[in-house]
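**Student:** here is my input; please provide its structure:
(2 chains)
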Amino acid sequence: MTKANSSAKKEVPTSVKGMQDIIGEESYAYSGFYEKASEIAMYYGFKPIETPILEKEELFTSGVGQDTDLVEKEMYSLKTKGGDHLVMRPEGTAPIMRAYIEHGMQSWTQPVMLYYKGPFFRHENPQKGRTRQFQSFGLEILGTPKAIADATVIHTTMIILKEAGLQNLVLNINSIGDRECRPKYVKELANYYKKHLSELCVDCKRRVKENPLRLLDCKNPKCQVIKEGAPSSVTHLCDECRSHFKEVLEYLEALNIPYRINNNLVRGLDYYSRTVFEITEETYEDVPAMEAEEKPEAKGGKKGDKNVKESEIVAVSLALGGGGRYDYLAKNLGSKKDIPAIGVGLGVERIFMTQGYKRMDPRIIKHPKVYFIQLGTHAKMRSLNIIEILRNARIPIAQSLAKDSLGSQLSAAEKNKIPYAIIFGEKEAIDDTVIVRDMNTRSQETVKITELAKYVKTIK
RNA sequence: GUGGCCAUGGUGUAAUGGUUAACACGGAGGUUUGUGGAACCUUCGAUCUGGGUUCAAUUCCCAGUGGCCACCCCA
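**Tutor:** Next comes the predicted model:
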């Protein structure tokens, strides 16, 4: 707080690009959201887990995939003095699978259901809904291939979002198959695109070779026509994947969760298999459904159509969250056995940006009914002791001990709309009493300190 | 990574190629250490950084940095 040398220009430290301080009301908003989300997750059987911010680099290179953008160019990495290559976690799933394997959770009752929350880091250019450090809340169910797990994750997610006030939610869902059927599909997709190689944008030309699935992600107008004619993954599913997907959709229908099968939804991380999904808030009217692509038989005959919207182009707005099944991640990380699992990650900042979002206060916020006022040096000296008596009695208070004058303290109480004031001055300090003042009627009463807690409880 | 727009006290705004950069809010102190929403007074506090053009730059130019946004990709 020294302001000497203010003439000399000093470089004041600032926060790092794309990273923000979270202060005051905003901080409460995060706590409130996390508290609510955790409560819901716990209700559905998820247990908390906290993994470190730093992980070994190879966790993500082998887990998420060397060729993904996330790993290729978005990781904050560092080399320790000991020569270890570490990264700041860019996502939550791989660390949790790591923890599952490391702690032998295979021997726990399956499935293991976990939730996590906290900061994640991606080195990319900040823009709307994207910062370099962002907050995420996630759910994971590890150790079961069953469709009910997929449904539980999606359902719990939708509940959390609804409790946060969001209304017009759209669930985009797709199945990208498994080891059995996906390679065949990818091959067919690549073959299809190869025929049109000359008509593609530069990125897509590259993708044909490196990651054909992501051809479906391309938004370049040039490629749209070709994309429309591309084979879709759901029509190439093997029997097991098909019935898994069908079952997931049946659960969603039973849960009354509207969904939209989006054949172009592939997601960027390598570890996904079968179910993939993203949730967005619909702000405009529905995206016009283009000519219906082959519907998966999954939908069965009768149900469905009113509940199901189909279209080619989705992702009008930013994804609030996304996830999917990652049955092969464990093996990528070196596990001998496959560990089937599914999870979701939610972007808290993106949830806050939506139209529907309603702020929630965390429980630690109290609304004090009493303002503590002290007057004079002796009284000030004993103030903290008096306050502790009140705290022990679980009476929330507000105060401004740094202020001296009675007037300024009273007006602070007034400004904060606190109905009662406790005035503790020199005279009271000698008598071991306080004055309790009703701020509305301005009537006052002298109360013994020993009876203060009891008295305050009666006036509330 | 690439591109567009932007950059003045803590916050929100104003102004200017030329003495002292204006206003509001805010903070601190006071009028008033013993009874409040007010008023008044005092005070704190800024031209992002570095180069260039110029007699003179906060203003014009360039670069950097940061912010917002878009692409890429994602939460």
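**Student:** the helix or strand hosting residue A:380 and RNA strand B, are they touching?
**Tutor:** Using DSSP states H and E, residue A:380 sits within helix A:377-392. Yes - against RNA strand B, helix A:377-392 shows contacts by C-beta under 7 Å from any atom of the strand at residue A:377. In short, each C-beta sits where N, CA and C put it, glycine included.
**Student:** buried set for that helix?
**Tutor:** Within helix A:377-392, the residues scored as buried using 16 or more other C-beta atoms under 10 Å are A:378-380, A:383, A:386-387, A:390.
**Student:** which residues does the helix or strand that it is followed by contact?
**Tutor:** Using DSSP H and E, the helix or strand that follows helix A:377-392 towards the C-terminus is strand A:397-399. Applying C-beta atoms under 8 Å, 6 or more residues apart in numbering, the contact partners of strand A:397-399 are A:368, A:370-374, A:383, A:387, A:390-391, A:413, A:416, A:418, A:422.
**Student:** 10 Å instead?
**Tutor:** With C-beta atoms under 10 Å, 6 or more residues apart in numbering as the test, strand A:397-399 has contacts from A:366-374, A:383-384, A:386-387, A:390-391, A:409, A:412-413, A:416, A:418, A:420-422, A:456.
**Student:** any of these buried? List them.
**Tutor:** A:368-374, A:383, A:386-387, A:390, A:409, A:412-413, A:418, A:420-422, A:456.
**Student:** inside strands: which ones of these?
**Tutor:** A:370-374, A:420-422 (DSSP state E).
**Student:** would you confirm that residue A:439 contacts residue A:415?
**Tutor:** No - applying C-beta atoms under 10 Å as the test, residue A:439 and residue A:415 come out as separate, 11.1 Å apart.
**Student:** where does the residue of the stretch 251-400 of chain A found nearest RNA strand B land in three-state SS?
**Tutor:** Proximity of the stretch 251-400 of chain A to RNA strand B (C-beta to the nearest atom of the strand) peaks at residue A:268, 0.8 Å away. Secondary structure, DSSP: H, G, I helix; E, B strand; the rest coil: residue A:268 is coil.
**Student:** check what pLDDT it gets.
**Tutor:** The per-residue pLDDT reported for residue A:268 equals 76.
**Student:** picking that back up, which one of residue A:439 and residue A:415 has more residues nearby?
**Tutor:** Neighbour count, other C-beta atoms under 10 Å: between residue A:439 and residue A:415, residue A:439 has more, with 17 against 8.
**Student:** just give me the neighbour total for the residue lying closest to that one once chain neighbours are set aside.
**Tutor:** Nearest residue to residue A:439 in three dimensions, chain neighbours excluded: residue A:419, at 5.4 Å (C-beta to C-beta, 6 or more residues apart in numbering). When counting by other C-beta under 10 Å, one arrives at 16 neighbours for residue A:419.
**Student:** what about the stretch 1-150 of chain A, any weak spots by pLDDT?
**Tutor:** The stretch 1-150 of chain A contains residues with pLDDT under 70 at A:1-11.
**Student:** what's the closest non-adjacent residue to the residue of the stretch 251-400 of chain A closest to RNA strand B?
**Tutor:** residue A:68 (5.6 Å).
**Student:** and the one you found, what does it touch?
**Tutor:** Contacts of residue A:68 (C-beta under 10 Å, 6+ apart): A:60-61, A:74, A:90, A:211, A:214, A:267-271.
**Student:** what do you get for residue A:211?
**Tutor:** Counted by C-beta under 10 Å, 6+ apart, residue A:211 has contacts A:65, A:67-68, A:186, A:190, A:217, A:266, A:268, A:270.
**Student:** tell me the secondary structure at the closest residue to residue A:166 other than its chain neighbours.
**Tutor:** Counting by C-beta to C-beta, 6+ apart, residue A:356 is the residue found nearest to residue A:166 once chain neighbours are left out, at 4.1 Å. Assigned with three-state DSSP, residue A:356 falls in the coil class.
**Student:** phi, psi of residue A:356?
**Tutor:** Dihedral pair for residue A:356: phi -80, psi -20, per degrees, to the nearest 10.
**Student:** correct me, but it touches residue A:163?
**Tutor:** No - contact criterion C-beta under 10 Å: residue A:356 and residue A:163 do not qualify, at 11.0 Å.
**Student:** where does the stretch 1-150 of chain A come near RNA strand B, residue by residue?
**Tutor:** Near RNA strand B, when you scan the stretch 1-150 of chain A using C-beta under 7 Å from any atom of the strand, you find A:3, A:6, A:9, A:14, A:16-19, A:68-70, A:74, A:91, A:122, A:124-131, A:134, A:136.
**Student:** what's the distance between residue A:335 and residue A:234?
**Tutor:** 29 Å (C-beta to C-beta, to the nearest Å).
**Student:** where do the strands sit along the stretch 201-350 of chain A?
**Tutor:** Applying DSSP state E, counting those that start in this stretch to the stretch 201-350 of chain A gives strands spanning A:259-261, A:273-281, A:308-310, A:319-325, A:341-347.
**Student:** want to throw the ones you listed into TSV with mean pLDDT?
**Tutor:** Below are the strands of the stretch 201-350 of chain A laid out as TSV (pLDDT from 0 to 100):
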stretch	mean pLDDT
strand A:259-261	94
strand A:273-281	95
strand A:308-310	35
strand A:319-325	95
strand A:341-347	97
